[in-house]
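Asker: pasting a predicted model and its sequence here:
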Amino acid sequence: MSQGGFASGPLDGKGQRHAVLVARFNSDITEALKEGAIAAFARAGVKAEDVEIFYVPGAFEFGSAAKAIALTGRYSAVTCLGCVIQGDTDHHLYVSGEAARLIGQAAYDTGIPVIFGVLTTHTHKQALERAGATGNKGQEAADTAIEMALLLKRIRGS
Ligand code: INI
(Lines give C-alpha, C1' and ligand atoms only; values in the text may rest on other atoms or scores of the structure.)
Protein backbone atom coordinates (compact mmCIF):
# COMPACT_ATOMS: atom_id res chain seq x y z
CA MET A 1 0.00 0.00 0.00
CA SER A 2 1.43 3.39 -0.89
CA GLN A 3 1.23 6.42 1.38
CA GLY A 4 -0.41 9.61 0.17
CA GLY A 5 -1.07 8.39 -3.36
CA PHE A 6 2.54 7.86 -4.37
CA ALA A 7 3.72 4.85 -6.35
CA SER A 8 4.80 2.06 -4.02
CA GLY A 9 7.45 0.50 -6.26
CA PRO A 10 10.72 1.96 -7.50
CA LEU A 11 10.31 4.52 -10.28
CA ASP A 12 12.30 4.21 -13.49
CA GLY A 13 13.07 7.63 -14.90
CA LYS A 14 15.84 6.51 -17.26
CA GLY A 15 15.75 8.44 -20.53
CA GLN A 16 13.49 11.14 -19.13
CA ARG A 17 14.37 14.82 -19.24
CA HIS A 18 13.01 17.07 -16.50
CA ALA A 19 12.56 20.80 -16.01
CA VAL A 20 12.43 22.07 -12.43
CA LEU A 21 10.99 25.53 -11.86
CA VAL A 22 12.03 27.00 -8.51
CA ALA A 23 10.55 30.13 -6.89
CA ARG A 24 13.10 32.43 -5.22
CA PHE A 25 10.52 33.67 -2.69
CA ASN A 26 11.12 31.85 0.63
CA SER A 27 14.33 30.53 -0.93
CA ASP A 28 15.57 28.81 2.24
CA ILE A 29 12.61 26.45 1.80
CA THR A 30 12.50 26.25 -1.99
CA GLU A 31 16.22 25.47 -2.27
CA ALA A 32 15.68 22.55 0.13
CA LEU A 33 12.76 21.37 -2.01
CA LYS A 34 15.03 21.61 -5.06
CA GLU A 35 17.68 19.45 -3.38
CA GLY A 36 15.00 16.88 -2.52
CA ALA A 37 13.80 16.82 -6.13
CA ILE A 38 17.33 16.43 -7.51
CA ALA A 39 17.93 13.49 -5.17
CA ALA A 40 14.67 11.83 -6.27
CA PHE A 41 15.51 12.21 -9.97
CA ALA A 42 18.98 10.71 -9.39
CA ARG A 43 17.48 7.81 -7.40
CA ALA A 44 15.14 7.04 -10.33
CA GLY A 45 18.02 6.98 -12.83
CA VAL A 46 17.47 10.39 -14.46
CA LYS A 47 20.90 11.68 -15.55
CA ALA A 48 22.04 14.87 -13.79
CA GLU A 49 22.48 16.61 -17.16
CA ASP A 50 18.85 15.80 -17.95
CA VAL A 51 17.55 17.86 -15.02
CA GLU A 52 17.40 21.54 -15.91
CA ILE A 53 16.70 24.18 -13.25
CA PHE A 54 14.85 27.45 -13.98
CA TYR A 55 14.02 30.23 -11.51
CA VAL A 56 10.99 32.51 -11.16
CA PRO A 57 10.58 35.36 -8.62
CA GLY A 58 7.60 33.82 -6.83
CA ALA A 59 4.89 31.18 -7.06
CA PHE A 60 2.59 33.61 -8.87
CA GLU A 61 4.90 33.37 -11.90
CA PHE A 62 4.80 29.56 -12.19
CA GLY A 63 1.94 29.31 -14.68
CA SER A 64 3.34 31.30 -17.59
CA ALA A 65 6.89 29.97 -17.17
CA ALA A 66 5.75 26.35 -16.83
CA LYS A 67 3.60 26.63 -19.93
CA ALA A 68 6.45 28.14 -21.96
CA ILE A 69 8.83 25.38 -20.82
CA ALA A 70 6.30 22.63 -21.54
CA LEU A 71 5.60 24.01 -25.02
CA THR A 72 9.26 23.60 -26.01
CA GLY A 73 8.57 19.84 -26.16
CA ARG A 74 12.02 19.18 -24.71
CA TYR A 75 10.93 17.88 -21.29
CA SER A 76 9.09 14.81 -19.99
CA ALA A 77 7.58 16.98 -17.21
CA VAL A 78 7.88 20.31 -15.44
CA THR A 79 8.09 20.31 -11.63
CA CYS A 80 7.19 23.58 -9.89
CA LEU A 81 8.71 24.07 -6.43
CA GLY A 82 7.51 26.94 -4.28
CA CYS A 83 6.46 27.96 -0.82
CA VAL A 84 3.56 30.25 0.08
CA ILE A 85 3.35 31.10 3.77
CA GLN A 86 0.26 32.72 5.27
CA GLY A 87 0.77 36.38 6.21
CA ASP A 88 -1.27 39.01 8.01
CA THR A 89 -3.36 39.75 4.92
CA ASP A 90 -5.08 37.72 2.17
CA HIS A 91 -2.15 38.18 -0.21
CA HIS A 92 -0.98 34.57 0.13
CA LEU A 93 -4.42 33.34 -1.00
CA TYR A 94 -4.14 35.16 -4.33
CA VAL A 95 -0.58 33.90 -4.86
CA SER A 96 -1.29 30.25 -4.00
CA GLY A 97 -4.65 30.27 -5.78
CA GLU A 98 -3.19 31.50 -9.05
CA ALA A 99 -0.21 29.17 -8.75
CA ALA A 100 -2.49 26.16 -8.34
CA ARG A 101 -4.90 27.22 -11.08
CA LEU A 102 -2.26 28.09 -13.68
CA ILE A 103 -0.04 25.08 -12.96
CA GLY A 104 -3.07 22.87 -13.55
CA GLN A 105 -3.97 24.80 -16.66
CA ALA A 106 -0.43 24.59 -18.05
CA ALA A 107 -0.55 20.80 -17.76
CA TYR A 108 -4.03 20.65 -19.26
CA ASP A 109 -3.23 23.01 -22.15
CA THR A 110 0.10 21.46 -23.13
CA GLY A 111 -0.38 17.75 -22.44
CA ILE A 112 2.91 17.75 -20.50
CA PRO A 113 2.79 16.93 -16.77
CA VAL A 114 3.24 20.11 -14.72
CA ILE A 115 3.57 19.22 -11.05
CA PHE A 116 2.32 21.28 -8.09
CA GLY A 117 5.22 21.09 -5.66
CA VAL A 118 4.10 24.20 -3.80
CA LEU A 119 3.93 24.27 -0.02
CA THR A 120 1.03 26.34 1.35
CA THR A 121 1.55 26.59 5.08
CA HIS A 122 0.46 28.70 8.03
CA THR A 123 3.98 29.10 9.38
CA HIS A 124 7.63 29.00 8.38
CA LYS A 125 8.12 26.12 10.83
CA GLN A 126 5.50 24.02 9.01
CA ALA A 127 7.28 24.73 5.73
CA LEU A 128 10.66 23.70 7.18
CA GLU A 129 9.15 20.43 8.38
CA ARG A 130 8.03 19.67 4.82
CA ALA A 131 11.36 20.55 3.22
CA GLY A 132 13.62 18.50 5.47
CA ALA A 133 15.86 15.52 5.02
CA THR A 134 12.91 13.29 5.90
CA GLY A 135 9.56 14.09 4.37
CA ASN A 136 10.73 16.42 1.64
CA LYS A 137 7.86 17.52 -0.63
CA GLY A 138 10.33 18.29 -3.39
CA GLN A 139 11.13 14.58 -3.52
CA GLU A 140 7.45 13.74 -3.72
CA ALA A 141 6.92 16.27 -6.51
CA ALA A 142 9.81 14.79 -8.51
CA ASP A 143 8.47 11.25 -8.03
CA THR A 144 5.08 12.46 -9.25
CA ALA A 145 6.71 14.04 -12.32
CA ILE A 146 8.46 10.76 -13.17
CA GLU A 147 5.31 8.71 -12.65
CA MET A 148 3.14 11.02 -14.75
CA ALA A 149 5.70 11.09 -17.56
CA LEU A 150 5.73 7.27 -17.57
CA LEU A 151 1.93 7.13 -17.50
CA LEU A 152 1.41 9.56 -20.39
CA LYS A 153 4.05 7.73 -22.44
CA ARG A 154 2.21 4.46 -21.84
CA ILE A 155 -1.20 5.96 -22.66
CA ARG A 156 0.18 7.45 -25.89
CA GLY A 157 2.03 4.25 -26.77
CA SER A 158 5.20 6.20 -27.43
N1 INI B 1 5.48 34.35 -3.53
C2 INI B 1 5.75 33.13 -3.05
O3 INI B 1 6.29 32.28 -3.77
N4 INI B 1 5.42 32.81 -1.76
C5 INI B 1 4.81 33.71 -0.94
O6 INI B 1 4.55 33.37 0.23
C7 INI B 1 4.51 35.02 -1.43
N8 INI B 1 3.84 35.97 -0.60
O9 INI B 1 3.25 35.58 0.41
O10 INI B 1 3.84 37.15 -0.88
C11 INI B 1 4.89 35.32 -2.77
N12 INI B 1 4.65 36.54 -3.30
C13 INI B 1 5.27 37.00 -4.52
C14 INI B 1 4.49 36.58 -5.76
O15 INI B 1 4.65 35.20 -6.03
C16 INI B 1 4.97 37.34 -7.01
O17 INI B 1 6.33 37.04 -7.25
C18 INI B 1 4.79 38.85 -6.91
O19 INI B 1 3.48 39.18 -6.50
C20 INI B 1 5.07 39.53 -8.29
O21 INI B 1 4.12 39.06 -9.28
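Answerer: Looks like it arrived, so ask away.

Asker: which part of the chain gets nearest to the ligand, residue-wise?
Answerer: Closest residue of the chain to the ligand, Cβ to the nearest ligand atom: residue 58 (2.2 Å). To be clear about C-beta, it is placed using only N, CA and C from the backbone, and glycine gets the same treatment.

Asker: check contacts around that residue.
Answerer: Neighbour list for residue 58: 23-25, 82, 95 [criterion: Cβ atoms under 8 Å, 6 or more residues apart in numbering].

Asker: buried subset of those?
Answerer: Among those, those classed as buried by 16 or more other Cβ atoms under 10 Å are 23, 25, 82, 95.

Asker: out of those residues, which are close to the ligand?
Answerer: Near the ligand, judged by Cβ under 6 Å from any ligand atom, the entries from those are 23, 25, 82, 95.

Asker: ok, now which ones touch the last one?
Answerer: In other words, residue 95. Neighbours of residue 95 in contact, by Cβ under 8 Å, 6+ apart: 58-60, 84.

Asker: distance of the residue of the chain most remote from its centre from residue 129?
Answerer: Distance from the centre of the chain peaks at residue 88, with 26.5 Å (Cα atoms, centre = their mean). For residue 88, the distance to residue 129 (Cβ to Cβ, to the nearest Å) stands at 22 Å.
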